[in-house]
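1. coords please:
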Amino acid sequence: MGVIADFLRAVRQLFDARFTGVLLRAVALTLGLLAAASLGAVWLVGLLPSSFDLPWIGAVPTPFTAVRGLALGAMVFLSAFLMFPVAAMFVNLYLDRIVDAVEARHYPGLPPGRAMGLGEALTSGLKFTLIVLGVNLVAMVLYLISGPFAPLVFWIVNGYLFGREYFELVAQRRLETGEAGRLRGKYSWRIWLAGSLMAMPLSVPVVNLIVPVLGVATYTHMFHRLRQSDRLSRPRTEVSGS
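-> Numbering: from 1, shown residues only. A predicted model of the protein is given here:
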């Protein structure tokens, strides 16, 4: 129930001005990049010759004119799958704003967390995007052979990636990297479950653009809840020394 409660608290804050500002920026940047990539693919195909000359035969038409339409269709189709990883990359740039908004509303009195620099946010976002794309390309074999269970496999795979990335990013704002990793390892199945639940709408175009924002907010609540639970479960001497 804790995972569901964390998610519902994030949903209730979705229309917070700081959330909508990040969401609108991420959506605009994502759709703009995908539209530019689609038009760029069509433009590149348009540079290919419509015909070429052969000796004694003359002009021979090429299929590149038809390929132009196919290129646009392929890019539009691919965009549905690229929306989430691209949106996640842009949301990383504004992760601190989302976490600060959650903590200001639900955890007042906390000292400021460690903010990510622009370079760190860009590197982290690009790395996560490439990992998601690479893992899903490799997992295509599993999706094909799992038949009706393909959506379940998709949720499990992407839930793990989603949880690992965002929980650690949120945790590292207030913990050392090693301690953040220890906390994630201790509660890994809960973090994985939360990620899998949020991975369910990833296959729905446009809706999946909201998931990274909700994910950061959900894992902010989860981090504070699990950190408190971890403190209560550890010996007092160990907690005071950490």
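2. Give me the helices and strands touching the helix or strand encompassing residue 160, please.
-> Taking DSSP states H and E as the definition, residue 160 sits inside helix 150-171. When contacts are defined as 3 or more CB pairs under 8 Å, 6 or more residues apart in numbering; DSSP states H and E, helix 150-171 packs onto helix 95-106, helix 118-145, helix 177-186, helix 188-199, helix 211-233. The C-beta positions use only the backbone N, C-alpha and C, and glycine is treated the same way.
3. Which positions in the last one come out as buried?
-> Translated: helix 211-233. Within helix 211-233, the residues scored as buried using 16 or more other CB atoms under 10 Å are 211-227, 230.
4. CA atoms of it as PDB?
-> Extracted C-alpha coordinates of helix 211-233, given in PDB (Å, rounded to 0.1, in the frame of the first residue of the first chain):
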ATOM      1  CA  VAL A 211       5.500   9.300 -16.400                       C
ATOM      2  CA  PRO A 212       9.000  10.700 -15.800                       C
ATOM      3  CA  VAL A 213       7.600  13.700 -13.800                       C
ATOM      4  CA  LEU A 214       5.300  11.400 -11.800                       C
ATOM      5  CA  GLY A 215       8.200   9.000 -11.300                       C
ATOM      6  CA  VAL A 216      10.500  11.600  -9.800                       C
ATOM      7  CA  ALA A 217       7.700  12.800  -7.400                       C
ATOM      8  CA  THR A 218       6.700   9.200  -6.500                       C
ATOM      9  CA  TYR A 219      10.300   8.200  -5.700                       C
ATOM     10  CA  THR A 220      10.800  11.300  -3.700                       C
ATOM     11  CA  HIS A 221       8.000  10.200  -1.400                       C
ATOM     12  CA  MET A 222       9.300   6.700  -1.400                       C
ATOM     13  CA  PHE A 223      12.800   7.700  -0.500                       C
ATOM     14  CA  HIS A 224      11.700   9.700   2.500                       C
ATOM     15  CA  ARG A 225       9.400   6.800   3.600                       C
ATOM     16  CA  LEU A 226      12.000   4.100   3.200                       C
ATOM     17  CA  ARG A 227      14.800   6.200   4.700                       C
ATOM     18  CA  GLN A 228      12.700   6.600   7.800                       C
ATOM     19  CA  SER A 229      11.900   2.900   7.900                       C
ATOM     20  CA  ASP A 230      15.600   2.100   7.400                       C
ATOM     21  CA  ARG A 231      16.500   4.300  10.400                       C
ATOM     22  CA  LEU A 232      13.900   2.600  12.600                       C
ATOM     23  CA  SER A 233      15.100  -0.900  11.600                       C
END
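5. right, so of the helices and strands packed on helix 150-171, which gets closest to residue 31?
-> Residue 31 sits nearest to helix 211-233 of all the helices and strands packed on helix 150-171, at 14.2 Å, using CB to CB.
6. and the closest one, what does it pack onto?
-> If you count contacts as 3+ CB pairs under 8 Å, 6+ apart, helix 211-233 packs onto helix 2-12, helix 17-46, helix 64-93, helix 95-106, helix 150-171, helix 177-186, helix 188-199.
7. That helix - what's its average pLDDT?
-> Mean per-residue pLDDT for helix 211-233: 89.
8. And stretch 140-149, by the same measure?
-> Stretch 140-149 comes out at a mean pLDDT of 83.
9. Residues touching it, excluding its own?
-> For stretch 140-149, the external contacting residues (CB atoms under 8 Å, 6 or more residues apart in numbering) are 150, 152, 153, 154, 157.
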